[in-house]
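Visitor: Model the structure of this input:
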Amino acid sequence: MVSSRNEENDFYFSCVQSPYKWELTSDPYSDIRKKKFPILKDTYNSMQEYYKVIDPLFHIECKEELRSFNEKLNERKINFKDVAVNVDVKAFKNSNDSFHLFENTSCYLKIAMPYYFLSGYDGMDFIQSGTKHKEQRSSGEIKWNDLLYLAKISDDFKTIYFDTLMFYRKSDSIVNDYDESTFSLDSSDFDDDDDDDDFIKKMRSLNLGNTISPDDKLNIICMTCISSEKIDRLQYEIIRERGQWICIHIMSFGAIIKEYRILNYLVENSSLPICKIITSGKIDPAINKSIIYYGPEYKNITKNVINDYKLNESQACALCKVKGRAISLIHGPPGTGKTSVLVAIIDRELQYNILTGNESKILVCAPSNYACDEIIRRLKKEEKDKEYIKSFRYRASDEMNVKFKKEEKDIEYNKSNRYCVDNDLDDHELKKKLNEANVIVCTLCSSDINEFNQINSIFSEDENIKFLKLLNMF
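Guide: Sure thing, here's the model as predicted:
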């Protein structure tokens, strides 16, 4: 049985350290200083003991993006014009079904937000500057339960009359001039269990997503957990005519939710081989740190790849040691060249496949569209001088590129995703692209066998079996 989206999210959002309890404070790092955390050890007696140590540290790390934002907000280091957008708070209502785990009341807001903000772009000057000068935020378009900052602020951005944290739920409709005075919330707006009720997804499913202009405003449903005192202040600011409402995207929880589920899954299934590695702290180490070439067949290929990508010793060592292993883990801080090593590994394998007559395709998966786009960008850069690299960026139907309707404004649309190929392709074109490519890049969700089963219809039975075999999915 496949879990629904909310079941997946609630597993994390209903825990003791739920983000629904997060608040803006005068000292965002007080929760770290006042607590005593367990000390990390090299070995553990059980996965339960490991969990008791890791769980509090995990939740501390999850909140880091909010702490950083909160600190900058307190120190007035946020450029609101650059990262915020103007919004209109249209309606407010307490939920009849508040979260019993939490002290504060859950409330729903209906807010008019610009489409470009929902699509992953920030700033009050986006329409004037366009995507030539604005990069899409790393987390991409806003998703269910993304953490947002809402504030009523003076026109000169110096005084904050009211602010709160809130969680995105769904898009509802395009704002029309005639509905300004008749805006309301009903019980159906609280029903966020059905992802199909999202207006943007409905439009894209009908191939109408590109009819929405970047500066069009959409009615959005958001949820916030606030105290009774803050509810009164919010209601007061909604009717008071002063200043402006703004919104800032703080963070997404996609990777956090996945990590939390995996952590709990490992505790519940402690007999898995990887659990023994975690508790014992013993894993086959890379004892020989010198550069070793495995076999004469690809010795020269490996040397050339190392030189071509200018890999340092640790990167070259990783390149050499992944060959022939079922699973390899390459880790390192940001900026240490992990993506470069990945592209080098792909390059080396493709050259080796040509040498040995192996027609296998390489399936490259990443947890986010942003990561996939960065990988395909690197591969396309290499393709210019290396005809044997034939990469294709596959997107599932719910991962469509953000496309804006071209109007009189001279905006270079979809600039940040210019290397991506989406499912606007018809069956014939998609089949051709998949057959021609020897490297297919997609998100982990898109790599699911169920997703590939949905494109079976464009292949004959024999073609489909060959395609899946080439992806090493059997």
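Visitor: Where do the helices of the stretch 351-474 of the chain begin and end?
Guide: 369-383, 427-436, 449-453, 461-470 (DSSP state H, counting those that start in this stretch).
Visitor: Please, where are all the strands along the stretch 101-250 of the chain?
Guide: For the stretch 101-250 of the chain, the strands defined by DSSP state E, counting those that start in this stretch cover 105-114, 147-153, 160-174, 217-226, 244-251.
Visitor: what inclination does the longest one have with respect to strand 147-153?
Guide: Pointing back at strand 160-174 there. 120 degrees (axes from the mean of the first three to the mean of the last three C-alpha atoms, to 10 degrees).
Visitor: Please apply the same query to the fourth one.
Guide: For strand 217-226 against strand 147-153, the angle by the same axes, to 10 degrees is 100 degrees.
Visitor: And strand 217-226, what's buried?
Guide: Lys217, Leu218, Asn219, Ile220, Ile221, Cys222, Met223, Thr224, Cys225, Ile226 (16 or more other C-beta atoms under 10 Å). All C-beta atoms are positioned from the backbone trio N, CA, C, and that covers glycine.
Visitor: Compare the strands of the stretch 101-250 of the chain and give me the one nearest Val305.
Guide: strand 244-251 (36.6 Å; C-beta to C-beta).
Visitor: Can you pull out the residues in contact with that closest one?
Guide: The contact list for strand 244-251 (C-beta atoms under 8 Å, 6 or more residues apart in numbering) reads 65-66, 69, 78, 80, 83-89, 111, 113, 117, 122, 137, 139, 142, 146-155, 165.
Visitor: still on that earlier bit, reformat the buried residues of strand 217-226 as CSV; add distance to Gly357 and pLDDT.
Guide: Conversion of these to CSV gives the following (distance: C-beta to C-beta, whole Å; pLDDT from 0 to 100):
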residue, distance to Gly357, pLDDT
Lys217, 57, 91
Leu218, 53, 92
Asn219, 58, 92
Ile220, 54, 93
Ile221, 56, 93
Cys222, 56, 94
Met223, 57, 93
Thr224, 60, 93
Cys225, 60, 90
Ile226, 65, 89
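Visitor: now, the most widely separated pair of the residues you listed?
Guide: Lys217 and Cys225 (25.5 Å).
Visitor: Contacts only, for Phe254.
Guide: Wrong residue type there; residue 254 is Gly, not Phe. Here Gly254 is in contact with Ser139, Lys143, Pro367, Ser368 (criterion: C-beta under 8 Å, 6+ apart).
Visitor: among those, which ones are buried?
Guide: Buried among these (16+ other C-beta under 10 Å): Ser139, Ser368.
Visitor: Pick the one among the contacts of Gly254 closest to Ser252.
Guide: For the contacts of Gly254, the nearest to Ser252 is Ser139 (4.0 Å; C-beta to C-beta).
Visitor: Give me the phi and psi for that closest one.
Guide: When quoted as degrees, to the nearest 10, the phi and psi of Ser139 stand at phi -80, psi 0.
Visitor: which residues does it contact?
Guide: Per C-beta under 8 Å, 6+ apart, neighbours of Ser139: Gly120, Asp146, His249, Met251, Ser252, Gly254, Ser368, Tyr370.
Visitor: What is the neighbour count of the last one?
Guide: Which is Tyr370. 18 (other C-beta atoms under 10 Å).
Visitor: With the second one instead?
Guide: Burial of Asp146 is recorded as 20 neighbouring residues (other C-beta under 10 Å).
Visitor: show me what contacts it?
Guide: Ser139, Phe167, Tyr168, His249, Ile250, Met251, Ser252, Phe253.
Visitor: That one and Phe199, how far apart?
Guide: 16 Å (C-beta to C-beta, to the nearest Å).
Visitor: what do you get for the last one?
Guide: According to C-beta to C-beta, Tyr370 and Phe199 sit 23 Å apart.
Visitor: which residue packs closest to Tyr51, ignoring adjacent ones?
Guide: Sequence neighbours aside, Val267 is the residue nearest to Tyr51 in space, at 4.8 Å (criterion: C-beta to C-beta, 6 or more residues apart in numbering).
Visitor: One more: Arg67?
Guide: Pro28 (4.3 Å).
Visitor: How about the secondary structure of the one you found?
Guide: Under DSSP: H, G, I helix; E, B strand; the rest coil, the three-state class of Pro28 is coil.
Visitor: residues in contact with it?
Guide: Leu66, Arg67, Asn70, Glu71, Asn74.
Visitor: does the second one really touch Asp27, like I thought?
Guide: No: using C-beta atoms under 8 Å, Arg67 is not in contact with Asp27; the gap is 9.9 Å.
Visitor: Have a look at those two and say which one is more surrounded.
Guide: Neighbours around Arg67 and Asp27, counted as other C-beta under 10 Å, are more numerous at Arg67. The numbers are 18 against 12.
Visitor: do you know how far Ala91 is from Leu150?
Guide: 14 Å.
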